[in-house]
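Chemist: quick one: sequence plus predicted model below, questions after.
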Amino acid sequence: MKKSLLVFFLLSMLQTVAVFAQEKRITGKVTSIDGSGIPGTSVVIQGTTSGTQTDPDGNYSINVAVGKVISFRSIGYAVKNITIGAADVINVTLAVQRDDLNEVIVVAYGNAKKESLTGAVSAIKAKDIEKRPVSNALSVLEGSAGIQVNNTTGTPGALPSIRIRGFSSVNGDNTPLYVIDGVPFAGNVTDINPADIESVSVLKDAAAAALYGNKASNGVIIMTTKRASKASDGNVNFVMNQGVYTRGVKDYKVLTANEFMETMWKGYRNNLMSTNPAGYPTKEAAGAKATSSLISDYLYLNIYDKPDDQLFDADGKLVADAKIKSGYTNDLDWFDAVERTGFRQEYSLNGSASTKKSNLYYSAGYLDEDGYVIKTGYKRFTGRINADIQAKDWFKYGFNLAGSHQNTSNISGTSSDASSYANPFMYARGIAPIYPVHLHDKTTGQLVLDDAGNPQYDGGSTTRNQYIDRHTIWENELNKDLTYRNTVNGQVFLDFKFLKDFTFNVKGDLNVRNSDRNTYNNAIIGDGAGNQGRASRTNYRYKNYTAQQM
């Protein structure tokens with residue numbers, strides 16, 4: 001009996017090993033019928049919580065065992081299941097979802113069924129928004145057919161760029177019209193807590209112009225906020241989301257320090273032969289000059305343990321025993337110095353109550369997001385009350401009241417000027433891989449410390465021939481770019497029913513926004529150094545009001 005149990009146990013272990021041995025990496029691309037990639041598609045192993053998402057081009061990669069089933073899901077498309085076999089590459093085409101024709105959506109003047117509309121419409125409900133921890137409701141549109149959602153800066157709290165059916169103008173505005181609770185919205189969608197959104201409808205073609213006129217030439221995004229359901233006798237919900245994130249798209253592949261040195265040697269040699277053929281008529285003569293003068297004439301800094309004129313052989317290759325001095329080894333990665341692991345935390349409290357003649361919805365939310373780039377962050381407090389009362393059979397009235405307070409911390413140049421020296425991505429991508437972040441002793445390569453024993457930044461005035469007197473990390477530690485934003489949005493409506501099939505509606509909406517931006521450029525290094533430092537404060541005040549009678 002014991003022997004039989006032992007054999008059974010060993011066979012079970014062998015089967016388990018065999019199953020794990022069959023797991024392999026599957027790659028592929030998810031596309032729509034027209035061949036374009038579908039970003040943000042969920043790729044999940046059925047029966048588990050393991051999965052991934054497609055990148056902006058629709059590509060994916062996942063580890064899965066043979067025989068398992070992968071589900072591909074994207075908003076607006078039909079679900080597709082694939083059983084894993086021998087193939088290592090699985091490309092999937094998703095069909096547009098067409099089985100929701102009876103779904104009720106919001107249009108310009110009330111509600112309608114999809115089957116009654118001639119225009120192209122996408123609709124997303126609250127249950128779809130709740131699945132994703134997003135800072136603004138527009139992010140849930142990623143992956144929808146015919147809609148492009150681009151997060152151009154990656155700065156926490158930044159509003160993504162939305163394009164519906166491409167670009168309608170080369171130099172003009174391509175932004176769609178936003179309509180919230182039946183009123184054109186001129187504010188920022190980040191003012192609204194996504195947890196308060198009941199539905200998002202997108203009118204994507206020319207039919208939208210029949211509803212909203214020429215303002216709808218770039219499409220229309222219609223949002224409705226939540227109200228208490230008629231069946232609700234009172235409930236309170238609390239949602240907490242926390243997580244970490246890093247940069248999702250890798251940067252360009254760049255030269256290593258050794259590759260850069262050899263490339264610069266060849267460039268200098270060829271330049272000598274083309275600009276001064278009489279002085280350097282042969283490759284040998286020009287090569288000898290490049291070897292002896294590359295550091296002194298062009299690079300200024302030698303991070304290797306060989307003298308300046310003994311780094312290269314006759315063919316421009318670094319000599320075999322040339323090594324980077326130990327002090328420089330871990331100080332040449334500028335991306336590592338500007339990026340970090342971002343942290344996001346969000347808390348949302350909402351409740352509702354309903355009677356035969358009234359309903360009430362209320363919410364409060366707090367979002368705190370530290371970006372994956374140093375000194376970037378976003379905080380938002382939101383509150384909302386939606387209420388309506390059926391005073392008489394023929395008379396109904398109600399109001400919406402919402403407010404927000406937002407703090408945004410940014411790095412100079414990340415959004416306003418991509419070519420700015422203070423922009424960490426431009427700087428880290430462009431600086432030569434032989435220049436360190438901190439100041440080093442040129443002879444030993446060791447860090448130069450200040451009186452407190454801390455490493456000092458290298459402004460480059462004497463140690464490099466690139467970005468002299470500029471240092472993106474040092475500048476952004478000393479600089480400041482803060483924006484404070486306060487918003488209040490209020491809406492009141494009255495409904496009068498008369499005769500048999502008529503309702504007279506009166507609606508008033510007021511949106512007030514105040515944005516205060518404070519910037520400071522330090523007096524030590526960068527743009528403010530020549531002015532002994534400089535500061536600015538810019539205040540914007542907006543007021544939009546709308547009156548409707550239908």
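Modeler: Great, that's in hand. Treat the numbers as computed from the prediction; the structure is a model and nothing was measured. Numbers count the residues shown, from 1 in each chain.

Chemist: verify the stated contact: residue 57 with residue 29.
Modeler: Yes: between residue 57 and residue 29 a contact is recorded at 7.4 Å, counting by CB atoms under 8 Å. The C-beta positions use only the backbone N, C-alpha and C, and glycine is treated the same way.

Chemist: more neighbours: which of those two?
Modeler: residue 29 (19 against 13; other CB atoms under 10 Å).

Chemist: SS state for that one?
Modeler: Put simply, residue 29 is strand when judged by DSSP: H, G, I helix; E, B strand; the rest coil.

Chemist: isn't it right next to residue 36, touching?
Modeler: No: the pair residue 29 / residue 36 is not scored as a contact, 10.3 Å apart, by CB under 8 Å.

Chemist: any residues in contact with both of these two?
Modeler: residue 58 (CB atoms under 8 Å, 6 or more residues apart in numbering).

Chemist: I figured residue 247 hits residue 376, correct?
Modeler: No: with contact defined as CB under 8 Å, residue 247 does not count as touching residue 376 (12.0 Å).

Chemist: which of these two has more residues huddled nearby?
Modeler: Counted by other CB under 10 Å, residue 247 and residue 376 do not tie: residue 376 has more neighbours, with 25 against 16.

Chemist: please list all residues in contact with residue 379.
Modeler: 366, 367, 368, 369, 406, 407.

Chemist: just the ones of those in strands?
Modeler: Using DSSP state E, 366, 367, 368, 369, 406, 407 are the members of the contacts of residue 379 that sit in strands.

Chemist: and of those residues, the nearest to residue 388?
Modeler: Nearest to residue 388 among those is residue 366, at 26.7 Å by CB to CB.

Chemist: and for the closest one, the neighbour number?
Modeler: Residue 366, neighbours per other CB under 10 Å, totals 14.

Chemist: next one: the closest residue to it other than its chain neighbours from residue 406, what distance?
Modeler: Once flanking residues are discounted, residue 366 sits nearest to residue 347: 4.9 Å by CB to CB, 6 or more residues apart in numbering. According to CB to CB, to the nearest Å, residue 347 and residue 406 sit 16 Å apart.

Chemist: neighbour count winner among the two?
Modeler: residue 406 (20 against 14).

Chemist: mind checking the SS state of the closest residue to that one other than its chain neighbours?
Modeler: Nearest non-adjacent residue to residue 406, counting by CB to CB, 6+ apart: residue 485, 4.3 Å away. Under three-state DSSP, the three-state class of residue 485 is strand.

Chemist: what sits opposite residue 485 in the beta ladder?
Modeler: residue 406, residue 515 (DSSP bridges).

Chemist: surely it and residue 408 touch.
Modeler: Yes: between residue 485 and residue 408 there is a contact under CB under 8 Å: 7.3 Å.

Chemist: what residues sit buried inside the helix or strand containing residue 290?
Modeler: Assigned by DSSP states H and E, residue 290 belongs to helix 283-294. Using 16 or more other CB atoms under 10 Å as the test for burial, helix 283-294 gives 283, 286, 287, 288, 289, 290, 291, 294.

Chemist: so how far does stretch 48-60 reach from one end to the other?
Modeler: Using CA to CA, to the nearest Å, one end of stretch 48-60 lies 18 Å from the other.

Chemist: do you know how far residue 96 is from residue 75?
Modeler: 11 Å.

Chemist: who's more crowded, those two?
Modeler: Each of residue 96 and residue 75 has its neighbours counted (other CB under 10 Å); residue 75 has more, 23 against 12.

Chemist: from residue 125, how far out is that one?
Modeler: As judged by CB to CB, residue 75 and residue 125 stand 10 Å apart.

Chemist: how about residue 377?
Modeler: Taking CB to CB, one finds residue 377 at 31 Å from residue 125.
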